[in-house]
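Asker: Prediction below, plus the sequence it came from.
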Amino acid sequence: GGLAEQSQVPAAMAPTGAVTSVSADNSDLLSLNDINPGQILLSTNFIAELPDVSPVSIPDGLIAISVSLGDVNKVGNFLRPGAEVVIFDSYSASGAVPTDGTASTADLTTRVLVDRAIILGVGETTANPQPNADGTTTAPPPSTLITIGVDQAEAEKVIQASQTGSLYFGLLGNGTEIVKSNGTTAGNLFN
């Protein structure tokens, strides 16, 4: 179709697996990646058909949502699909949402937001570097995208809390019972 051209390269320079001709055997292959102008085509860059990418299996009655969490907030690297977690939120008790993303620790309350959610998926993601006041950029630490299964009311809570507070996931053991409370603050931390 005029999208590729044949050219000769010295045999010693030809990479292993280079496509040497277009024939009935390879004319219907699909590219796995973008192909740059002048790039030597490799047979390993093509597949016969797109893989069957099934959507994540969502238990009946639940909604899949994702949040981005750092290592500390997601129990290190111990979360796996199928695990159950409790979700805590640390938020400003006064309801004030600071513009710089921080709140006074004296004003923070931490409490159970969702007592049981199922992990549907765990995948790495990296946030874009943010510009500093001096014009340089600093890349935030890598975070992990966690996809959970929750009902609608829990989804609304988690989405709201992810925008206004700080989420922490706790990995649940067999038989763990979560009791919701009024939360922990700096004032009642040692009660």
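Answerer: Here it is on my side, so go on.

Asker: What are the buried residues along stretch 29-45?
Answerer: Buried residues in stretch 29-45, defined by neighbour count with 16 or more other C-beta atoms under 10 Å: Leu29, Leu41, Asn45. The C-beta positions use only the backbone N, C-alpha and C, and glycine is treated the same way.

Asker: Would you format those residues as CSV with pLDDT and distance to Thr20 included?
Answerer: Putting the buried residues of stretch 29-45 into CSV (pLDDT from 0 to 100; distance: C-beta to C-beta, whole Å) gives the following:
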residue, pLDDT, distance to Thr20
Leu29, 77, 14
Leu41, 82, 9
Asn45, 78, 14
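
Asker: Dump those residues into CSV; add distance to Val179 and secondary structure as well.
Answerer: Converted to CSV, the buried residues of stretch 29-45 look like this (distance: C-beta to C-beta, whole Å; DSSP: H, G, I helix; E, B strand; the rest coil):
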residue, distance to Val179, secondary structure
Leu29, 58, coil
Leu41, 61, coil
Asn45, 55, helix
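
Asker: Dump these to CSV, plus distance to Thr164.
Answerer: Listed next are the buried residues of stretch 29-45 as CSV, based on distance: C-beta to C-beta, whole Å:
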residue, distance to Thr164
Leu29, 49
Leu41, 50
Asn45, 45
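
Asker: The residue nearest to the spatial centre of the chain in helix, strand or coil?
Answerer: In the chain, the centroid-proximal residue (C-alpha atoms, centre = their mean) is Leu145; its distance is 1.7 Å. For Leu145, the secondary-structure state derived from DSSP: H, G, I helix; E, B strand; the rest coil is strand.

Asker: Beta-bridge partners for it, please?
Answerer: Beta bridges link Leu145 to Ser68, Gly123 when assigned by DSSP bridges.

Asker: For the chain, name the helix or strand with the lowest mean pLDDT.
Answerer: Every helix and strand of the chain was ranked by mean pLDDT, DSSP states H and E. The lowest is strand 130-131, at a mean of 62.

Asker: where in this protein is pLDDT low?
Answerer: For the chain, the stretches with pLDDT under 70 are 1, 50-55, 95-106, 124-133, 135, 137-143.

Asker: how about the strands in it?
Answerer: Ranges of strands in the chain, per DSSP state E, are 30-31, 46-47, 63-69, 84-92, 108-125, 130-131, 137-138, 143-150, 166-171, 184-185.
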